[in-house]
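Visitor: Need a 3D model of the following:
(chains A and B)
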Amino acid sequence: MLWTLLIAHLAGIVVAGVAGRRGIRAGLAAAAIAPAATATWAISRLVGDADPATAELVWVAGLDLGVSFRLDSMALMMTTLVSGIGTLVFVYAIGYFSAGADGGVRFPTALLAFSTSMLGLVWADSVWTLFIFWEFTSITSFLLVGHKNTSADVLRAARRALMITGAGGLVLLAGLLLVAEAAGTTTISELGPITGSSASVAAILVMVGAATKSAQFPFHVWLPGAMAAPTPVSAYLHSATMVKAGVLLVAVLSPAMIDVDAWLWTGLAFGVTSMLWGAIGALRQRDAKLILAWGTVSQLGLLVTVLSLGSGKALFAGISLLFAHALFKAALFLVVGEVDIRTGTRDIAELGGLARSMPIAAAVAALAGLSMAGVPPLLGFMAKEAAIEAGLGLSGPERWIALGAITGGSVLTVAYTLRFWIGTFGPGPATEVAPRRLAMTAPAVLLALAGVLGYVFAGQVTDIVGPAAVEANEKASVYELIRWPGLKTAFVISIGIVAAGTALGWFLSARPVGAAPRTVGADAADETIEATLRFAPDITARVQHGSLPVYLATMIIAVIAATMPFFASAEIDHLVLWDRPLQAGLVAVTIVAAATGAVVGSRLGATLTLGAVGIGVSGIFVVHGAPDLALTQLVVETVIVVGFVLGFGSLAREFPRSSESWQTIRLVLSVISGIGIMSALAFAGSRPTGTAPIEALTDEAVDVGGGKNVVNVILTDIRALDTLGEVVVLATVAVGILALARVRADEVEAAS
Amino acid sequence: MIATRSPIVRLAIQTATPIAIVLGTYLLFAGHNRPGGGFAAGLVFGAVVVLRTIAGLQRPRHADTLIAVGVVIAVAVAALPVLWGDPFLDMKIVETTVPLLGKIKTGSALPFDIGVMAIVVGLIVALLDGLSLPTVDDTGTEAGAA
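Guide: Okay, the predicted model is just below:
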């Protein structure tokens, strides 16, 4: 089933591309089919009780290479969010874009490609599969963020997002390598606790990778910039998908990291600073969308903080928060998009009075915002209660750090949520509003209602998030979401948070809105990227200087260096002069031809002597009983000689005179490399290991390949993968030549 | 072009072309049991292309098509077995009796070889284009191949 869904998504990308030619709305509608089917299937599995679905494609069994998927409870929950919210976002985008908008092919295909990558990431059960889909999400999100590709600012923001998440991906790869090495398996569902110093390094690397993706301080600078994307993209990427990838990673790897202190402290460092810095950032913004973006940084900090605590209660709370956050944050982004489209601005200083003119949007924003602030009767409240409980259940210094951060961050969250709502919908000069579009309103309403229903059906939500948490920590099985906890410590803290946050939010809303601050660190990130881009061509220019003789000399020196060890250890006592006298004759011809080629002055003469060398060598192959090799060598020599002759049309007859010293260098290099290769061959011939494979290969050629020509059966069957690789290289070279020829043709045309 | 001035060379290349094509085809099909194979066949065809270029005779021009066809065939032969659950690049052997030729033993290695051949010919055509030599068509007038 997983393969079917994946193929359906890939087919959907093609169909969306075709449909997109008729307009962006047709493309979006076509693209929505696959996610809708996936979401329906996932929900049906949530309701029923099914074993984890798995799918595997083994490539190299011994190296654990291949693609492996496993749809366990965590993946099922994430699939529901990714595809469910995905479907709503596609529907929403139909309303968001005007019918004649640009990018009808590009946008729906890129969005569906991103959705597909995200599913692969969520389903991955091998660290390699996880990494590959992780990178796919970076690349596809780059395309989405850079959708309005005519603006330099947008492109810079997209590039920043790509570079930070891409670099983080490499750090993650290093971390995953260490994790797989320490745990002795690459299968994520089989990871056991790892210990030792390499485990600490792995924990830090993985946490850094997760932090780049989940926009944790100081890597958060890409997220506000990514708001340059169309709002459906922001709603999707920054609620349920892209940024959740890092959080998900922290959750699925926590069984391995349960005993690693570095995991806890790195996670807390990222989480706590991001939670506070993000919330402060949200309070300083005046663009409603940027308030939400900074709020996302803060919320992700909260998630990373709670999940990195690692206890059963913490995992349960973290995954409940993850679930709740996906719902309310998507709803809030969708509302901001609607406000933007219908009023033409997102500036809270200009907006006002929308509660009357956009009552549905205001209600949705209120419900989703209250869920974010952690106010009953909403899903966000129960999740935040669980988080505070998790903090209370700790001991040691992390108890106070976690509790302090959760409390402080939550107060600020209440404050910026209130400021967001009042700024957008509250009193102010009435803003003119365009008519409502059903496609934009309905998805937001559904998501906001989901927060209410989640509270009403707390037991059912527990059945969704509970098993997912149990997979990360078995001790999570005893916890459940509680609708009304009574006057316990956590509830008292919650009341305090809401009271303090409301006061702060009210106070800040009453103050005039200041100028929009710049994102601290974004410029530094851009400058680093620019510097890299300037640095890279310099390096390339130095290494790839374009002098053929120097390239050749470099290669020969490398060969000499590689064969150097054999000079000493080659045994020549087993060598015989020749098996048959004919060999001596052929060798003599070859040597004479080679020597002539080295001194001859004309290009044609050099070419012909080189051809003679080749034919001499192929004669030696014949005598040795390798007709295949000889045939190939002969034909290659023929083509090369004729090709050279063809090239002479545009070259002088004689070689240019080269300097004395350069001649000496060439002479020395060729003599040493000749001796080196000869010693290497003598060494290889003197160290037979085991029996010669010829008989096994001959039998196998007939049995497996059905041919008597062993060489060809090796090429087309036994080692066909090598051949495939080689011909792809040939094809690539040919395409490169064609491209260069075309560039030159253009230059010639431009010159004439 | 170099050889266009010599009617003897031109005629020789013209006459040799069909022989070389037969030889190349033989190498392609014989490759499984005797010396030959897709690479050698591709080079023989490539040699024909180069010689005909020298003589200013007609030759294939679409390197990109040849390469694309070759890669598609080779990759298809490699990937198709995965669809019915066999390993990647699993080669099938087929034995049939064909009128006139009798019993024939061949397999999916043959199309793979054909793909290899197409890529090799494509590479050679691309190289010839890359040398960006002015070629001369059959009528003897210069046709710039930039």
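
Visitor: Ignoring the adjacent residues along the chain, who's closest to the residue most central in space within chain B?
Guide: The residue lying closest to the centre of chain B (CA atoms, centre = their mean) is residue B:42, at 4.0 Å. Spatial nearest neighbour of residue B:42, excluding adjacent residues (CB to CB, 6 or more residues apart in numbering or on different chains): residue B:120 at 2.9 Å. (Glycine included, C-beta is placed from N, CA and C.)

Visitor: For the helix or strand where that neighbour lies, name the packing helices and strands.
Guide: Take DSSP states H and E as the rule and residue B:120 turns out to sit in helix B:109-130. Contact analysis of helix B:109-130 by 3 or more CB pairs under 8 Å, 6 or more residues apart in numbering or on different chains; DSSP states H and E lists helix A:627-647, helix A:710-713, helix A:720-751, helix B:7-30, helix B:38-54, helix B:63-83 as its packing neighbours.

Visitor: nearest to residue A:287, of those helices?
Guide: Nearest of the helices and strands packed on helix B:109-130 to residue A:287, taken as CB to CB: helix A:720-751 at 43.7 Å.

Visitor: and the helix holding residue B:120, how far from the chain's centre?
Guide: Counting by CA atoms, centre = their mean, to the nearest Å, helix B:109-130 is centred 6 Å from the centre of its parent chain.

Visitor: Give me the buried positions along it.
Guide: By 16 or more other CB atoms under 10 Å in any protein chain shown, the buried positions in helix B:109-130 come out as B:109-130.

Visitor: Next: stretch A:145-155.
Guide: Across stretch A:145-155, burial judged by 16+ other CB under 10 Å covers A:145, A:146, A:147, A:154.

Visitor: Which members of those are positioned in helices?
Guide: A:145, A:154 (DSSP state H).

Visitor: Closest to chain B out of the buried residues of stretch A:145-155?
Guide: Distance to chain B across those (CB to the nearest CB) is lowest for residue A:146, with 29.4 Å.

Visitor: Count the neighbours of the closest residue to residue A:593 other than its chain neighbours for me.
Guide: Counting by CB to CB, 6+ apart, residue A:612 is the residue found nearest to residue A:593 once chain neighbours are left out, at 3.8 Å. Residue A:612 has 19 neighbours, counted by other CB atoms under 10 Å in any protein chain shown.

Visitor: Also the one 3 residues further on?
Guide: Here the count is done by other CB under 10 Å, and residue A:615 has 19 residues near it.

Visitor: which ones are touching it?
Guide: A:634, A:637 (CB atoms under 8 Å, 6 or more residues apart in numbering or on different chains).

Visitor: Which pLDDT value belongs to it?
Guide: You'll see residue A:615 listed with a pLDDT of 93.

Visitor: buried ones in the helix or strand hosting it?
Guide: Element membership of residue A:615, judged by DSSP H and E, is helix A:603-624. Of the residues in helix A:603-624, A:603, A:605-622 count as buried by neighbour count, 16+ other CB under 10 Å.

Visitor: okay, the closest residue to residue B:69 other than its chain neighbours: pLDDT?
Guide: Leaving out its chain neighbours, the residue that sits closest to residue B:69 by CB to CB, 6+ apart is residue B:118, at 5.2 Å. The model reports residue B:118 with a pLDDT of 93.

Visitor: tell me the contacts of residue B:118?
Guide: Contacts of residue B:118 were listed using CB under 8 Å, 6+ apart, and they are B:42, B:66, B:67, B:69, B:70, B:73.

Visitor: Most neighbours among these, which one?
Guide: When neighbours are counted by other CB under 10 Å, residue B:42 leads these with 31 neighbours.

Visitor: what's the spacing between residue A:7 and residue A:512?
Guide: 56 Å (CB to CB, to the nearest Å).

Visitor: no, scratch that, I was asking about residue A:190
Guide: Counting by CB to CB, the gap from residue A:190 to residue A:512 is 58 Å.

Visitor: Name the residue in these two with the higher neighbour count.
Guide: Just comparing residue A:190 and residue A:512: by other CB under 10 Å the higher neighbour count belongs to residue A:190, 12 against 5.

Visitor: mind listing what's buried in stretch B:60-77?
Guide: B:60, B:63, B:64, B:66, B:67, B:68, B:69, B:70, B:71, B:73, B:74, B:77.

Visitor: mind saving the C-alpha coords of stretch A:238-246 as CSV?
Guide: The C-alpha coordinates for stretch A:238-246 follow below in CSV (Å, rounded to 0.1, in the frame of the first residue of the first chain):
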residue,chain,number,x,y,z
HIS,A,238,5.5,25.8,8.9
SER,A,239,2.7,23.9,10.6
ALA,A,240,2.6,20.3,9.8
THR,A,241,5.6,19.5,7.6
MET,A,242,9.0,21.0,6.9
VAL,A,243,9.7,22.4,10.4
LYS,A,244,8.2,19.3,12.0
ALA,A,245,10.8,17.1,10.4
GLY,A,246,13.4,18.2,12.9
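
Visitor: Model confidence at residue A:149, what's the number?
Guide: Looking at residue A:149, its pLDDT stands at 81.

Visitor: To clarify, my last question referred to residue A:306.
Guide: pLDDT, residue A:306: 94.

Visitor: ok so, going back, report the angle between the helix holding residue B:120 and helix B:63-83.
Guide: Here the directions of helix B:109-130 and helix B:63-83 differ by 160 degrees (axes from the mean of the first three to the mean of the last three CA atoms, to 10 degrees).

Visitor: relative to helix A:720-751, how tilted is helix B:109-130?
Guide: Using the same axes, to 10 degrees: helix B:109-130 against helix A:720-751 is 20 degrees.

Visitor: before we move on, back to that, ok, so of the buried residues of stretch A:145-155, who is nearest residue A:236?
Guide: Closest to residue A:236 out of the buried residues of stretch A:145-155 is residue A:145 (11.5 Å), distances taken as CB to CB.

Visitor: Report the mean confidence score over the helix or strand containing residue A:338.
Guide: Per DSSP H and E, residue A:338 falls inside helix A:312-343. For helix A:312-343, mean pLDDT is 93.

Visitor: Likewise for stretch A:518-537?
Guide: The model assigns stretch A:518-537 a mean pLDDT of 84.

Visitor: domain parsing for chain A?
Guide: Under the assignment automatic domain parsing, the domains of chain A span A:2-528, A:690-752.

Visitor: The first one close to chain B?
Guide: So the one you mean is domain A:2-528. Yes: Domain A:2-528 lies within reach of chain B by CB under 8 Å from any CB of the partner chain, at A:57, A:59.

Visitor: Pull the distance from that domain to the chain's centre.
Guide: Its chain's average C-alpha position is 16 Å from that of domain A:2-528, according to CA atoms, centre = their mean.

Visitor: Report the separation between the two terminal residues of it.
Guide: By CA to CA, to the nearest Å, the extent of domain A:2-528 from end to end equals 41 Å.

Visitor: Okay, now the unreliable bits of the chain?
Guide: Picking chain A for this. Residue ranges of chain A with pLDDT under 70: A:49, A:567-574, A:649-650, A:687-690, A:705-706, A:752.

Visitor: sorry, should have said chain B
Guide: For chain B, applying pLDDT under 70 flags the ranges B:1-4, B:101, B:105, B:132-146.

Visitor: redo that, cut-off 90
Guide: Chain B contains residues with pLDDT under 90 at B:1-13, B:27-40, B:47, B:50-64, B:74-113, B:125-146.
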